[in-house]
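A.B. asks: Just a sequence and a predicted model for now, questions to come.
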Amino acid sequence: MSIPESGKLELAVNDVPSESGGLNNFIGAGIHVHAGHFAERQCRVICWAIVIGLGALQAWSHRFQVDHDGVNYLDIADNYASGAWGAAINAYWSPLYSWLLASGASLFRLSRSSEPVFLHLINFTSYLCAYRCFEFFSSQLLRARLGAGASASFSGHTWRLLGLGLFLYSSLYLTNHGGSTPDITLAVFVYLAMGLLLRIWSGHVSWSTFCCYGAALGFGYLAKTVMFLLAFVFLAVAAAVAFRKHRGALAFFSAPICFLLVAAPWIITLSLAKGHFTYGDSGRMAYARHVQPQAAPFAWGGQTATSEHLPHPPRSLGDSPPVIEFATPLSGTFPLWYDGSYWLEGEKIHFSLEGQLRVLRRSAINYLEILNNQRENLVLFLLLFFLQDSTFEYFRRLGQLWPILLPPLAALGLYALVLVEPRYVAPFLLVLWLSLYATIRPSVTNMMKFKIFVHRAVLATIMVTCVVLLRGAISDAYSILRASANEQARVAESLQNLGISNGRFVSLIGTSRDSFDWARLAGLRIIAIVPNENANQYWFGTSGTQERVNGYFAKTGAVAIITDNVPAGAVSSGWKRIGQTSYSIYPLPTKTP
C-alpha cells in the first residue's frame, strides 16, 4: 500500500490481483482497499481528535498567561491598531505575530483583560495549522521513500501514529504553544516549506509549487527573523534539485521572486525606519548578549565597552546600585525591552573565540538535554536501526535525503552559534527525526511480522511519550478546575484601586520573574529600574541607600516602586504587600502642579 499526497491509502502495483485470480480475487482486493481507506480515515479522525483535545486543554489553561515577550507583541499590536505605525515598526520583534494580534484589537475591539485569551486563540489556531502542514510533510516524505523501499517497515497507520507522537511532544512540550511567542506560528511555515521541498524533490516542479514554496519562506521570515538567513539555504537546495531536473530550472525562479514579494516590503520599511539596511536586529543583539561579554537588556547599565559611545543608551541616574531610566522616546509597557535595537544602536560586534567556544559548549549540552528528554524515541530508532540490512546501505539511503536534511541541519547549526532553546529548534528536530525513521529498511524475510513488531514498538514509544504529555495535561486540567486567580490581573486590579493606572509611571527593583503583564493590564509604563543583579545593593546597602535610590525614582515622575521579591531580612520600611500577591509597592511622593 502507498500513501499519496492526500494521505489516503491507495492500491499499490503489488496489490493488483493477477489475471489467474479471476473476478473474485479482484473484488476481494477492492474490498480490502476500501476497508483500508475506511480504517485510514478512522485513524486520521482519532489523531485529529487527540491533537485538538490536548491542544485546547493547554491553550485554555494558559489563556491568561502572557510572558515578557508577549507583552511587547501586544504593545506593538496596539500601535498598529491605533495607526501609530512609526512606533510599531520594530527591528527586534518579528512583525507577523503582532499583525495577527492587531487584527483582533481592530476587528473585535478587545479589552486589555480579553487580549490574552485572543493571543492564545491565535496560538491554538497556529497549532492546528502546524499539524495540518505536518501531515502534508509527513505524507510527502513517506510517499517519496516508498519508491525506494526505504519506508517499507512502516504501514500507513504506524507512520501516522509515529508522526502524531513526535508532533505532540514537539508542539506541546518543546514549543509549548500555550506560551506567548510566535514559535508555533513559525512551525506552520517550516512544515509547509519542507513538504513543498519534498514535492519538488519528487519531480513536482510546477510553477505553482515553487511560488508556494517561496511564499512559505517569506511568511516564515515574517514570523521569525532567523528564517531570512535560512531561506537562502532552502532556496539553494530547491535550486540544486530543480536544475538537476531540467524542466524545473525556469520554474525555480518563481520561488525567490515570491519570497521577495512577501519579505521585501517589510525589509524596505524596516531599513527606512532605521536609516540603514536591515532585515532585523534580533540575531545581532542575541550574538552581542550571548557570545560577547554583554549583559541582557533587562540588566543593561549603558555602554558595551569603554571605547564605544552609543548615540542613545538608557540614562544612568546613579550608581551603587545603578539606577537606569528609559522613559523616552520609545513607547510600550517596558520601553527598555520594547525595542532593544534602539538602545544598542551603533554597537559594534566583536568576535570572541573564547565566547564562541563557550556558547558552542553550552549549545551542545542543551542539544544533549533535549535528546535525553526524547530518549524513548532514541531507543526506538536504535532498535530499528540495528535491524538494518546494512549500516552502510542505511547511511547511503540517508544521504539520498540530503535536500531534506540540509535545511534543518543548517537551522540547528545557526542556533548553536548563539543560543539553543527547545522552542527555537523544535520543528527542525521533528523534521530530522522523521527523516531518520523514513530511511529504515529492515533485513527480514517476513515483512508482515516485522510490520506488526514495528507497530507495537511505535505504540510502546507513544505510550511512554504520553506519560510526559499526560502529566502536562493533568496539570492543565487541574488549573482549569481549580480556577485559580490570575496573579497578574490581581496586581493590576489592586494598583487600579490605589489610583495607580492609566498612563502613570512606575519603577522596578529587579525585573518581575514571571511577567510585567500586570503593568500592561493596569495601563502603566515602567520607566526606571534597578537591575536584577544589583537588587541586593538596594535591600542590604549602606544606610541611606534606599532613600537615595527612591529619590532618583521620584525625579523620573514615577508614582511608585514595585517588586515581586523582597528578600527575607531586608530593610523594607514603607513597603506594602499588593493584595494577596507576591508583589510589593513603595509609594513615591508625587509632584504638585
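C.D. replies: On my side now, so go ahead. All of these numbers come straight from a predicted model, not from anything done at the bench.
A.B. asks: Find the helix or strand that the spatially closest residue to Gly86 that is not a sequence neighbour is a member of.
C.D. replies: Sequence neighbours aside, Ala273 is the residue nearest to Gly86 in space, at 7.5 Å (criterion: Cβ to Cβ, 6 or more residues apart in numbering). Backbone N, C-alpha and C define where each C-beta goes, glycine included. Using DSSP states H and E, the element containing Ala273 is helix 254-274.
A.B. asks: do Leu186 as well
C.D. replies: Short version, using DSSP H and E: Leu186 is in helix 183-201.
A.B. asks: Likewise for Ser363?
C.D. replies: helix 353-373.
A.B. asks: What helices and strands are in contact with that helix?
C.D. replies: helix 402-416, helix 422-438 (3 or more Cβ pairs under 8 Å, 6 or more residues apart in numbering; DSSP states H and E).
A.B. asks: Run a quick neighbour tally on Ala570.
C.D. replies: 15 (other Cβ atoms under 10 Å).
A.B. asks: Please apply the same query to Arg41.
C.D. replies: Around Arg41 there are 13 other residues, counting by other Cβ under 10 Å.
A.B. asks: Confirm that it sits in a strand.
C.D. replies: No. Assigned with DSSP: H, G, I helix; E, B strand; the rest coil, Arg41 falls outside any strand and is helix.
A.B. asks: From Trp48, how far out is it?
C.D. replies: 11 Å (Cβ to Cβ, to the nearest Å).
A.B. asks: check contacts around the residue nearest to Gly86.
C.D. replies: Neighbour list for Ala273: Gly86, Ile89, Ala91 [criterion: Cβ atoms under 8 Å, 6 or more residues apart in numbering].
A.B. asks: which is the next helix or strand following the helix holding Ala273?
C.D. replies: helix 282-290.
A.B. asks: Do I have it right that Ala242 meets Ser206?
C.D. replies: No. The pair Ala242 / Ser206 is not scored as a contact, 11.0 Å apart, by Cβ atoms under 8 Å.
A.B. asks: Now the common contact residues for these two.
C.D. replies: With Cβ under 8 Å, 6+ apart as the test, Ala242 and Ser206 both reach Ala251.
A.B. asks: So for these two, which residue has more residues nearby?
C.D. replies: Ala242 (22 against 15).
A.B. asks: so what's the more buried one up against?
C.D. replies: When the contact criterion is Cβ under 8 Å, 6+ apart, the partners of Ala242 are Ile200, Val205, Phe210, Gly248, Ala249, Ala251, Phe252.
A.B. asks: who touches the host helix or strand of the third one?
C.D. replies: Secondary structure from DSSP H and E places Phe210 in helix 207-223. The list of residues contacting helix 207-223 from outside it, by Cβ under 8 Å, 6+ apart, reads 94-97, 182, 185-186, 188-190, 192-193, 196-197, 199-200, 227-228, 230-231, 234-235, 238, 242, 248, 251-263, 266, 279.
A.B. asks: next SSE after it?
C.D. replies: Downstream of helix 207-223, the next assigned helix or strand under DSSP H and E is helix 226-244.
A.B. asks: For the residue nearest the centre of the chain, give me its contacts.
C.D. replies: The residue lying closest to the centre of the chain (Cα atoms, centre = their mean) is Asp183, at 1.8 Å. Asp183 makes contacts with Thr175, Asn176, His177, Lys224, Arg423, Tyr424, Ala426, as judged by Cβ under 8 Å, 6+ apart.
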